[in-house]
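Asker: quick one, fold the following:
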Amino acid sequence: MKKLSYLLSISALAIFALVVLFPACEGPVGPAGTNGTNGTNGTNGLNGKDANAFCTKCHNAATFAAVESQFATSKHGSGTTWSGDGNRQSCARCHSYQGFKETQLTGRDTVEFIPKIPVPLQCDACHDFHGTLDSTDFPNYALGHTEAVKVLMDPKAAPIDFGNSSNACAYCHQARPGAPIPIPITGDTTYAITNSRFGPHHGPQGNLLNGTQGWEVAGAMAYTSTNHKGVATCSMCHMAEGEGTLVGGHTWRIASTDGTKVNITGCKKCHSDITSTDYKGRQTEIAADLKKLGDRLTALKLLDPATLLAIPYNQVASGTKPAGKGSRWTVKETGAFFNYQMVEADRSEGVHNYKYIKALLSNSYDAIK
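Answerer: Residues are numbered from 1 along each chain as shown. This next block holds a predicted model:
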């Protein structure tokens, strides 16, 4: 039996060696078979865009001429904003083309080199290369600098991020430091206001549209926001097609300088029943609330009604200068004045964010009445 098992094992190994180690040689290749039938043709793709026709919709002499003429009449392209403030270190960032470009590159809030001859913005302040040339992504206007924006007034605050082209506007259209930020909501802290320019320094449109950076004292009204920042962009309203160099386009004006033309083309995209910027009387309402708060601040000897600036607490009456209150400002007085300046400098009379602006004015007045 053992001998039989041994013989079977030897036989199996021999067969394995013959199959694996000594395979049979292939014979000659046979003749090729007949070709199979062709498959069904695929559907034709879409024709590509004619680059000349596509690009020249924007890149043409007539469009450039219109943009240049509109831009020349705008405050972005002319005026004393540039010549008067652009040669100051802390102002050059937004009051000179040179400072704007420098701070965009460095990420700093102020310039290293003060422009000796500050000039207005140029095209490449806002426009860069097209991020894509795919026709389905147009129009994208080759906008640059649309990333989230650091809050200058409070670097610890969350950045302003509208997620669209409005970020490019908010880079400059936000309040600059001009107050102890953040102002406490309550407490016994008092402030020796000695500078008439106390408060958020101009351009707080980005802050108010975002519904942030106001003095949010508790009151009858909650601090909520309209949905403008979610459904609209700055350019949607301010650059909507208008009339020549009067309104719209690269003038950025909603109303013409003489007040005879008002461009509500962009507003109609959402508000089909709108007939003026005073939609549902809200501008009238906010203007009245602002005046009411201003009158109260004037009565407290905090606001100079002639200049709409702060009255230093220790100021002695002289000529056109009114006397200050004679003592340091309380937290509530300081916060209410701050909110007044925010809304007054915004200039939209509530359009940018009616709910938030209404709450700031209403609660501020109640805090100091």
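Asker: contacts and neighbour counts: CA atoms only from here.
Answerer: Will do.
Asker: quick check: closest non-adjacent residue to Ala367.
Answerer: Using C-alpha to C-alpha, 6 or more residues apart in numbering and skipping the chain neighbours, the partner closest in space to Ala367 is Lys332 (6.3 Å).
Asker: where does the one you found land in three-state SS?
Answerer: helix (DSSP: H, G, I helix; E, B strand; the rest coil).
Asker: Pro182 versus that one, what's the distance?
Answerer: Note on Lys332: its distance to Pro182, by C-alpha to C-alpha, to the nearest Å, is 13 Å.
Asker: more neighbours: which of those two?
Answerer: Neighbour totals were compared for Lys332 and Pro182, and Lys332 leads with 24 against 14 (other C-alpha atoms under 10 Å).
Asker: next one: the more buried one from Glu241, what distance?
Answerer: Relative to Glu241, Lys332 is positioned 44 Å away (C-alpha to C-alpha).
Asker: tell me where the stretch 1-150 of the chain has helices.
Answerer: 2-20, 51-55, 61-73, 80-85, 92-95, 97-106 (DSSP state H, counting those that start in this stretch).
Asker: which stretch in these has the least confidence?
Answerer: Lowest mean pLDDT within the helices of the stretch 1-150 of the chain: helix 2-20, at a mean of 54.
Asker: quick one: contacts for the most centrally placed residue in the chain?
Answerer: Geometric centre of the chain, nearest residue: Asn167, 2.3 Å, by C-alpha atoms, centre = their mean. Neighbouring residues of Asn167 by C-alpha atoms under 8 Å, 6 or more residues apart in numbering: His145, Thr146, Glu147, Ala148, Val149, Ile160, Asp161.
Asker: give the burial count for Arg253, as a bare number.
Answerer: Neighbour count for Arg253, taken as other C-alpha under 10 Å: 24.
Asker: can you give me phi and psi for it?
Answerer: When read as degrees, to the nearest 10, the backbone of Arg253 gives phi -90, psi 140.
Asker: from Gly219, how far off is it?
Answerer: Using C-alpha to C-alpha, we find Arg253 at a distance of 35 Å from Gly219.
Asker: equivalent analysis for Ala158, please.
Answerer: 24 Å.
Asker: so for those two, which residue has more residues nearby?
Answerer: Gly219 (15 against 12).
Asker: surely that one meets Asn363?
Answerer: Yes - Gly219 lies in contact with Asn363 (C-alpha atoms under 8 Å); the separation is 4.9 Å.
Asker: which of the contacts of Asn167 sits closest to Gly42?
Answerer: Thr146 (41.2 Å; C-alpha to C-alpha).
Asker: got phi/psi on the residue nearest to the centre of the chain?
Answerer: When read as degrees, to the nearest 10, the backbone of Asn167 gives phi -60, psi -40.
Asker: what's the answer for Thr190, then?
Answerer: For Thr190, the backbone dihedrals (degrees, to the nearest 10) come out as phi -120, psi 160.
Asker: let the chain start at 15 from now.
Answerer: Let's use 15 as the start, then, which means that last one is Thr204.
Asker: so how many other residues sit close to it?
Answerer: Counted with other C-alpha under 10 Å, the neighbours of Thr204 add up to 14.
Asker: OK, contacts around Tyr379?
Answerer: Residues in contact with Tyr379 (C-alpha under 8 Å, 6+ apart) are Lys306, Leu307, Arg310, Ala350.
Asker: could you identify the most distant pair in those residues?
Answerer: Between any two of the contacts of Tyr379, the greatest separation by C-alpha to C-alpha is 11.9 Å, found for Lys306 and Ala350.
Asker: these two: who's more crowded?
Answerer: The neighbour comparison of Lys306 against Ala350 (other C-alpha under 10 Å) goes to Ala350, with 29 against 15.
Asker: what helix or strand is the closest residue to the more buried one other than its chain neighbours on?
Answerer: Once flanking residues are discounted, Ala350 sits nearest to Ser378: 4.8 Å by C-alpha to C-alpha, 6+ apart. Applying DSSP states H and E as the criterion places Ser378 in helix 368-382.
Asker: list the buried residues of that helix.
Answerer: Using 16 or more other C-alpha atoms under 10 Å as the test for burial, helix 368-382 gives 368-379, 382.
Asker: check stretch 186-204 too.
Answerer: Residues Cys186, His187, Gln188, Ala189, Arg190, Pro191, Ala193, Ile197, Pro198 are the ones in stretch 186-204 that count as buried (16+ other C-alpha under 10 Å).
Asker: Gly333: which of the residues you listed is nearest?
Answerer: Ala193 (27.1 Å).
Asker: tell me the pLDDT of that closest one.
Answerer: For Ala193, the pLDDT comes out at 67.
Asker: got it, and Lys372?
Answerer: Looking at Lys372, its pLDDT reads 98.
Asker: excluding chain neighbours, what is closest to it?
Answerer: Per C-alpha to C-alpha, 6+ apart, closest to Lys372 is Ile300, 6.6 Å.
Asker: tell me the angle of whichever strand or helix holds the one you found relative to helix 368-382?
Answerer: Assigned by DSSP H and E, Ile300 falls within helix 296-313. Here the directions of helix 296-313 and helix 368-382 differ by 20 degrees (axes from the mean of the first three to the mean of the last three C-alpha atoms, to 10 degrees).
Asker: quick one: buried residues of helix 296-313?
Answerer: Quick answer for helix 296-313 (16+ other C-alpha under 10 Å): Arg296, Gln297, Ile300, Ala301, Asp303, Leu304, Leu307, Gly308, Asp309, Arg310, Leu311, Thr312.
Asker: export those residues to CSV and tack on distance to Gly91 and pLDDT?
Answerer: Putting the buried residues of helix 296-313 into CSV (distance: C-alpha to C-alpha, whole Å; pLDDT from 0 to 100) gives the following:
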residue, distance to Gly91, pLDDT
Arg296, 31, 97
Gln297, 28, 98
Ile300, 30, 98
Ala301, 29, 98
Asp303, 33, 98
Leu304, 30, 98
Leu307, 34, 98
Gly308, 33, 98
Asp309, 36, 98
Arg310, 38, 98
Leu311, 36, 98
Thr312, 36, 98
